[in-house]
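1. Make a model of this:
(chains A and B)
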Amino acid sequence: MKYIKFLIVGILFGIILSKSEVVSWYRIYEMFKFQSFHMYGVIGSAVGIGVILMQLFKRGIIKDFQGNPIKVKDKKKGFIRTFVGGSIFGLGWALVGACPGPIFVLIGHGAVSILIVLLAAVLGAFIYGLLAKKLPS
Amino acid sequence: MEIITQPWPWYVAGPAIAFVLFLLFYFGKSFGVSTNLETFCTIGGAGKISDHFKTDWKARTWSLVFVLGIVIGGFISSQYLMPSQAIDLNPQTVQDLAALGFANAGSEYLPVEIFSTENLLSLKGIGILVVSGLFIGFGTRYASGCTSGHAITGLSSLQTPSLVATIGFFAGGLLMTWFVFPIIF
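-> You can find the predicted model right below:
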């Protein structure tokens, strides 16, 4: 039962991504063609509010539900891993019009083809794991 | 009901996503989806092949439940909350897509040119799905994050690696859309 809150947050996230058309391939294409403000507005306003939230977390003004301070984990550093890894992801994101969150939303929509994308993505993560120690960071 | 059935504009969706981010941190976790791809590998027994996957996946149960919720949210939306599947695209986008061979762009949520089940039977059709999946899985894990972990959480917490990753996301995306699409479509 302690997990039910995460199920509800997930359902909410799935509905938001569906209703805002963020999971539509067309919206991603339109974004990369700079032909619509929609996606920039979605990401930009989420980040804008996120910046304020993070500050409230860091300053201890908002605590978690148990009253503990909220810590935001530091991301792994390294120019090559973030830029090259990010660019490889970007190629896939633009091609199939879905990042990991939307992949799961589209499974819910009943898009059969996206199951292939998910399986391949798991395989891609597996290949990364095998090579992780050998790749430059 | 109008508000529920109409597509939501960016100024509703962006703050709503920030609310999801808030809830996950408030519940003592973090916001990010792509780590689950590695969790699936661990559950599938990848720890026997590489130490990289020797992790305690049970500690990530919350995230697997979150992802299950995303699937259910997608299902509820497509069944009950989306009477129209049409996407109101920029006419220029529709024209550009027509030139690439995408007929009736925006008339449905996803283009049949990529997502139709017949495409699963053609080498090119299945190749597009497999290659993009491989890129998404490999790229997000190498960069240690996707749109939610880097572009939203990381940028919000003003982290340089996330800025570099987000620039990478766009570099790859622009390269694909502007230069690779005209070759493959």
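2. where along chain A do the helices fall?
-> With helices called from DSSP state H, chain A shows them at A:4-19, A:25-32, A:38-58, A:79-96, A:100-109, A:113-131.
3. for residue 96, what are its contacts?
-> Using chain A. Residues near residue A:96 by CB atoms under 8 Å, 6 or more residues apart in numbering or on different chains: A:25, A:114, A:117, B:114, B:128, B:129, B:132, B:133, B:136. For the C-beta atoms, the positions are set from N, CA and C on the backbone; glycine is no exception.
4. um, chain B though
-> Counting by CB under 8 Å, 6+ apart, the residues that residue B:96 touches are A:33, A:35.
5. pLDDT of whatever helix or strand it lives in, averaged?
-> If you go by DSSP states H and E, residue B:96 is part of helix B:91-100. The average pLDDT within helix B:91-100 is 96.
6. One more: stretch B:135-151?
-> For stretch B:135-151, the mean confidence score works out to 96.
7. So for residue B:153, what's the nearest residue that isn't a sequence neighbour?
-> Excluding the flanking residues, the one nearest residue B:153 by CB to CB, 6 or more residues apart in numbering or on different chains is residue B:31, at 4.8 Å.
8. Taking the centroid of chain B, which residue is nearest it?
-> Central residue of chain B (CA atoms, centre = their mean): residue B:147, 7.5 Å from the mean position.
9. got a list of what it touches?
-> Applying CB under 8 Å, 6+ apart to residue B:147 gives the contacts A:43, A:93, A:99, A:100, A:101, B:169.
10. Just to check, the fourth one is in contact with residue B:38?
-> No. At 11.2 Å, residue A:100 and residue B:38 do not qualify as touching, with contact defined as CB atoms under 8 Å.
11. chain center to the helix holding residue B:96, what's the gap?
-> 23 Å (CA atoms, centre = their mean, to the nearest Å).
12. hang on, the earlier thing: report the two of the contacts of residue B:147 separated the most.
-> A:43 and A:100 (15.0 Å; CB to CB).
13. Same drill for those two, tell me which one is more crowded.
-> residue A:100 (28 against 22; other CB atoms under 10 Å in any protein chain shown).
14. gap between that one and residue A:67?
-> 32 Å (CB to CB, to the nearest Å).
15. about what we covered before: list the buried residues in the helix holding residue B:96.
-> If you call a residue buried by 16 or more other CB atoms under 10 Å in any protein chain shown, then helix B:91-100 has these buried ones: B:93, B:94, B:96, B:97.
16. Repeat that for stretch A:58-71.
-> A:62, A:70.
17. do stretch B:45-60 as well
-> So for stretch B:45-60, counting by 16+ other CB under 10 Å, buried means B:46, B:47, B:50, B:52, B:53, B:55, B:57, B:60.
18. swap in stretch A:38-48?
-> Buried, per 16+ other CB under 10 Å, within stretch A:38-48: A:38, A:39, A:41, A:42, A:43, A:45, A:46, A:47.
19. Need the distance between the two termini of stretch A:25-38.
-> By CA to CA, to the nearest Å, the extent of stretch A:25-38 from end to end equals 13 Å.
20. Wondering if that stretch reaches chain B at all.
-> Yes. Legend: contact between stretch A:25-38 and chain B by CB under 8 Å from any CB of the partner chain is shown at A:25-33, A:35-38.
21. same deal with stretch A:11-22?
-> Yes. Applying CB under 8 Å from any CB, one finds stretch A:11-22 touching chain B at A:11, A:12, A:13, A:14, A:15, A:16, A:17, A:18, A:19, A:20, A:21, A:22.
22. Pull the contacting residues for the fifth one.
-> Residues in contact with residue A:15, defined by CB under 8 Å, 6+ apart, are B:73, B:76, B:77, B:81.
23. With the third one instead?
-> For residue A:13, the set of contacting residues under the criterion of CB under 8 Å, 6+ apart consists of A:101, B:17, B:20, B:66, B:69, B:70, B:73.
24. Give me the buried positions along the helix or strand that residue B:114 is a member of.
-> Using DSSP H and E, residue B:114 sits within helix B:112-115. Residues of helix B:112-115 classed as buried by neighbour count (16+ other CB under 10 Å): B:113, B:114, B:115.
25. so how far is that helix off the chain centroid?
-> With CA atoms, centre = their mean, you get 17 Å for helix B:112-115.
26. on contacts alone, who are the packing partners of that helix?
-> helix A:113-131, helix B:123-142 (3 or more CB pairs under 8 Å, 6 or more residues apart in numbering or on different chains; DSSP states H and E).
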